[in-house]
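> Model the structure of this input:
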Amino acid sequence: MRGCVKPMPEQLGIAILGARDSILGFRALGLDVFPVTSSAEAAAAFDQCVQRGFAAIFITEGFVPALRERMKELAGQTLPATVIIPEGQESSGLGFAKLKTVVEQAIGADILFRGEAK
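Have a look, this model is predicted:
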């Protein structure tokens, strides 16, 4: 190997984990789908996703509380990116709040909601 470029992990796909009804449609988009029904299953699936080297792990809002500590452990790393997404029609707003925070940190301004409470 020449230069200073590190080889990328074999698996750089995108995984999504959450309630089956909320995530199954993402399989058609090429995402690796991990349907879970409990916090313990979510933790095991999350650990599997990290171990397999996914570039991004999408997590439905309902399972974020069970995975919060694991997600914090990865916060300083480049990969995998963990992304919280709304779950079905009854979103708690957690996914949008996280996105708003990340955008504000990245560019220094709230361009998504312009001060509106979401």
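> got the contact list for Pro80?
Going by CB atoms under 8 Å, 6 or more residues apart in numbering, Pro80 touches 49-50, 53-57, 74. C-beta here means a position set from N, CA and C on the backbone, and glycine is covered the same way.
> Show the pLDDT at it.
At Pro80, the model reports a pLDDT of 89.
> for Phe96, same thing?
Per-residue pLDDT puts Phe96 at 60.
> what does Leu12 give?
Reported pLDDT for Leu12: 72.
> possible to save the contacts of Pro80 as JSON lines with distance to Ile23, secondary structure and pLDDT?
Shown next, in JSON lines, are the contacts of Pro80 (distance: CB to CB, whole Å; DSSP: H, G, I helix; E, B strand; the rest coil; pLDDT from 0 to 100):
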{"residue": "Cys49", "distance to Ile23": "13", "secondary structure": "helix", "pLDDT": "95"}
{"residue": "Val50", "distance to Ile23": "18", "secondary structure": "helix", "pLDDT": "94"}
{"residue": "Gly53", "distance to Ile23": "20", "secondary structure": "coil", "pLDDT": "91"}
{"residue": "Phe54", "distance to Ile23": "14", "secondary structure": "coil", "pLDDT": "90"}
{"residue": "Ala55", "distance to Ile23": "17", "secondary structure": "coil", "pLDDT": "87"}
{"residue": "Ala56", "distance to Ile23": "14", "secondary structure": "strand", "pLDDT": "87"}
{"residue": "Ile57", "distance to Ile23": "12", "secondary structure": "strand", "pLDDT": "91"}
{"residue": "Leu74", "distance to Ile23": "20", "secondary structure": "helix", "pLDDT": "90"}
